[in-house]
Structure formats: structure tokens, C-alpha cells
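[1] Here's my sequence, what's the structure:
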Amino acid sequence: MLPDEPPQPPASVAAPAALVEAAPAAERPERMNRSAVLWVALAIFAQESVWNFYDAQVPAQLRQFVSSATVIGLIMGLDTGLGVIIQPWTGLISDRLARSRTGRWPIVVAGACVAAVPFALIPWATGLPMLMLCIFAFGLTANSFKGVTETLVSDYVAPQQRGRAQGFIKAGVSLTIIVSALISLLVVDHSLKAAFAIPPVLMVVMVTLSYCFLGRRHPTALRREDTGTRTGTGTGTGTGQADPFSSPWAVLKDLVREPSRARLLLMAGIFCFAGMWAALRSLTTPYGTEVLGMTRGAAGGIALPGAIAFLVCVVPLAYLSHRLGELRMIRYGIALFVAGLLVGFAEPTPAFTAASVAIASIGYAVFSVNGLVALWGLAPNNRVLGAYTGLYTVASASGMALGPALLGATVDLTGWRYMFLNAAVLGAVTFAVFTLVARRAGRPLAAAS
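    Numbering: from 1, shown residues only. The predicted structure follows:
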């Protein structure tokens, strides 16, 4: 237990997960361990810097051997497919390690060191087979610890403070785009091999530093709230009892069979919102050229005000979520997202479109801070938080893979002029899903009483 936090009641008498919806601040007295948040944020920043540079430069590397944009897109989606398969398994393994002396850190540190090698070798590949081997090896190893690193916050931060912690972490992650852009701008044209060496070296160094400062504190810092159930489904584990979540299949079975279906609906909502955001990011540039008559470069710059708005607002939104509750704030974020899209549809000019994307970005920031925390809050117990992080990745990655195609299909039917209106309609559907989640999340209260 953290020294700056008061003793916590056992999980068997903890408040049900549904109270994450609107518990007042007075009932959330624990202080956030800011130093732990800083070091976890540094580890996540390190791995995201590598992923951002990967997304920015690997397509250009593939262009040397592949002329088809479709094939390049399929290859770039390989890491998403690997993540869907790998992350629930490694998340479950990390949940078992979380109760050991070393915690989840062996997966994170070893994964970072191993993933750095194929990444650094990408510019050295002289043919497509070697390049594909490097890409596959990096996707396999990097996905093995990506979700585990994001779960670290649950080990060092009290449940009531995880939303605020996520705000600081997401603000740091948003800076990785700038780091990737600077490496591309200052190094790539001078030495491609050096450019590909910098991100993995930074990743290994930062992850190692985070482990040195946090790993040794793990035996006393880990919050042990592993007993009892949260939802009254009878799936919790107590001391001396066999763990019912011995595989991802057991976790999935519990997810599907949970009476209220709140967790399953939340997964659907995560899929929808992540898909909408990916679709907006993917299609805004062609919208600018087709509807607004902008050049390709100018249309690409429409997203800049949104990135700034996200960075400025994400931490204050995390604090507001702490007061109002995660699920409630997500619904507010979706409503703001839809309002922004309607602004862009009502006035198709570059200025209004940029403002529209900025408003929608603030709405997405609310989801970015609270989505994973809300799913953690509905998990059956704290022994499966790593597995649930993997499930979050599966839902969001699947949405990001299919969202642009779905919105693109509506554009083919109605034309580019109605893209923002089509996205707003899809947003309204997502709002309905999260409203149903909030209502279903309250059902276990009646069962528990």
C-alpha cells in the first residue's frame, strides 16, 4: 500500500462497480501517487514514441519494394491483427505476475529490449522478405507488452484516481507525435538508420528508468484488492480459492454470461467510438480536398487545432471525470463529439471545419481518459485488469480498423458533402449504447442489496 494513502477496506465490502458512474468527490478521498503516475507515463510515452515513428516511416520503407497502396495498408494493419491475438493472453499472464515480487515489469522490460532489435533493423533490410520478417517480429514482440505497460497504472494508483492519472498519461502520449515528427524532420534525410535507432534506444532507456524507480517499490506499492466480487456474479476469487480466470477464454465466457451485459455493451461502445475517431482522422483530409477545395497539404493541417485542443483539455477533463464519474463523462464527450460534427456539416468552410474537428477532439479526449478506466471498474475483480486491458485493445483496434470503411461506405452512398452528418448519426448510435451501459451497470446494485 502506498505510504501517502489511507488504509482501504477489503474488496468484499467495496462499493459496486456501478458507483463509478457518479460517485461524488467526497467519497473519493485518496490522493494520487504523482511520482508513480510520472514514471508509468514515461514508460508508456517511450513505447508510443516507437509506434508513432513506425506508423510514420514504415509505409515509406515498404514503398521501396511494394507499389500497391492496398498491400501496404494490409501490411501496416498486421500489427493490429497481432495485437488482437496476443494482448489478451499477455494481459492475463501479467495479472498473475502482478501479485509476485516483480509485478508485471519482467514482461515490460524484456519486451522493450527484444522489440527494439527488429525495429532498429528495419532500414537495414535489403529485400522484402527481410523487411517483412522485421515488421512481423516487431509487431509480435511490441504487442506482447503494449497493453501490459498501460495496465501498470492500476498497480500504483487507487481505483478512484485512475481517471486523473490517465489524463496525465494521455497528455504525455499526445506529445509522442511531436517527437516522431522531429526525428523525421531532423534525422531521416541525413541518416535513415540512425533515425530508426533513436526511438528504440529511447524506449529501452525510459522503460529501464521506470522499472528502477517503480519496480523495487512494487511489493509495497501494489494495491491488493483481489478478493470478493464487484458485480455479484460470483466470479471473484478469494484467498485459497482456485482462480476461475485461467485463460482468456474463461475471461470471455464470464464477459458474455454476465447477467446485466454491461461489460459487453461497454466493449461495443468502445468499438463504436474508437471507430468513429479513426474514421474522422482518416477521411478529413480527402473531405478537405473534395468539399472545401483545399490543397492536400492544407487539408492535412485541419487536424492541427484538434491536436492542440486535445493536449490542452485532456488533464482538466480527467479531473472533471473524477468528480462526475467515468460513464457519465463519456456520454457528455460523445454529445460534444456529435455537436462538433454538426458544426462542420452546417458550415462547410475551412475555418468551421477546423473548429468542428477541434470540438470533436475534445469529445474524444473525454473517452480517451475514461474508456479503459470504466472497463476496469466493471471488471469482476482486480485479478483480471491486464486481461481487460487486452480486451479494451481488441475492441478499440477492431473499431479503428473497420470505422473508416464504414464511414467511407456512407460517403459512397451520400457524397462527401454529407460525411460529417453521417458521422454524427453514427455518433448518436454510440451515445445510445453508452446510455444503455450506464443503466445496465446499475443492475448489480439491486442484486447486491
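
[2] what's around Arg417, how many residues?
    Neighbour count of Arg417, defined by other Cβ atoms under 10 Å: 13. All C-beta spots, glycine's among them, are computed from the backbone N, C-alpha and C.

[3] From Thr349, how far out is the nearest residue to it once chain neighbours are set aside?
    In this structure, Arg417 finds its nearest non-sequential neighbour in Val291, 5.6 Å apart by Cβ to Cβ, 6 or more residues apart in numbering. As judged by Cβ to Cβ, to the nearest Å, Val291 and Thr349 stand 10 Å apart.

[4] more neighbours, the two?
    Neighbours around Val291 and Thr349, counted as other Cβ under 10 Å, are more numerous at Val291. The numbers are 19 against 12.

[5] Against which helices or strands is the host helix or strand of Leu413 packed?
    If you go by DSSP states H and E, Leu413 is part of helix 385-414. In terms of contacts (3 or more Cβ pairs under 8 Å, 6 or more residues apart in numbering; DSSP states H and E), helix 385-414 is packed against helix 78-97, helix 128-151, helix 248-257, helix 262-290, helix 350-378, helix 419-441.

[6] re earlier: is the residue nearest to Arg417 in contact with Pro348, as I believe?
    Yes - Val291 is within contact range of Pro348, at 5.5 Å (criterion: Cβ atoms under 8 Å).

[7] anything in contact with each of those two?
    Both Val291 and Pro348 are in contact with Arg417, where contact means Cβ atoms under 8 Å, 6 or more residues apart in numbering.

[8] all helices of the stretch 201-350 of the chain, in order?
    218-221, 248-257, 262-290, 296-300, 303-324, 326-346, 350-378 (DSSP state H, counting those that start in this stretch).

[9] Pull out the buried positions in the last one.
    Of the residues in helix 350-378, those with enough neighbours to count as buried (16 or more other Cβ atoms under 10 Å) are 353-378.

[10] and the angle from it to helix 385-414?
    Helix 350-378 runs at 150 degrees relative to helix 385-414, counting by axes from the mean of the first three to the mean of the last three Cα atoms, to 10 degrees.

[11] now helix 350-378 against helix 128-151, angle please.
    60 degrees.

[12] which secondary structure elements does helix 350-378 contact?
    Under the contact criterion of 3+ Cβ pairs under 8 Å, 6+ apart, helix 350-378 touches helix 162-174, helix 262-290, helix 303-324, helix 326-346, helix 385-414.

[13] follow-up on the earlier one: can you tell me which of the helices and strands packed on helix 385-414 has the worst average pLDDT?
    Ranked by mean pLDDT, the helices and strands packed on helix 385-414 bottom out at helix 248-257, with a mean of 67.

[14] Now do the helix holding Leu413, average pLDDT.
    What helix 385-414 shows for mean pLDDT is 80.

[15] Mind listing what's buried along that helix?
    385-401, 403-404, 406-408, 410-411.

[16] Pull the distance from it to the chain's centre.
    In terms of Cα atoms, centre = their mean, to the nearest Å, the centre of helix 385-414 is found 12 Å from the chain centre.

[17] and if you look at stretch 311-327?
    On Cα atoms, centre = their mean, the centre of stretch 311-327 falls 16 Å from that of its chain.

[18] One more: stretch 358-377?
    9 Å.

[19] likewise stretch 42-61?
    15 Å.

[20] which residues are in contact with stretch 393-409?
    Contact with stretch 393-409 is made by 77, 80, 83-84, 87-88, 146-147, 267-268, 270-280, 282-283, 371, 419, 422-423, 426, as judged by Cβ under 8 Å, 6+ apart.
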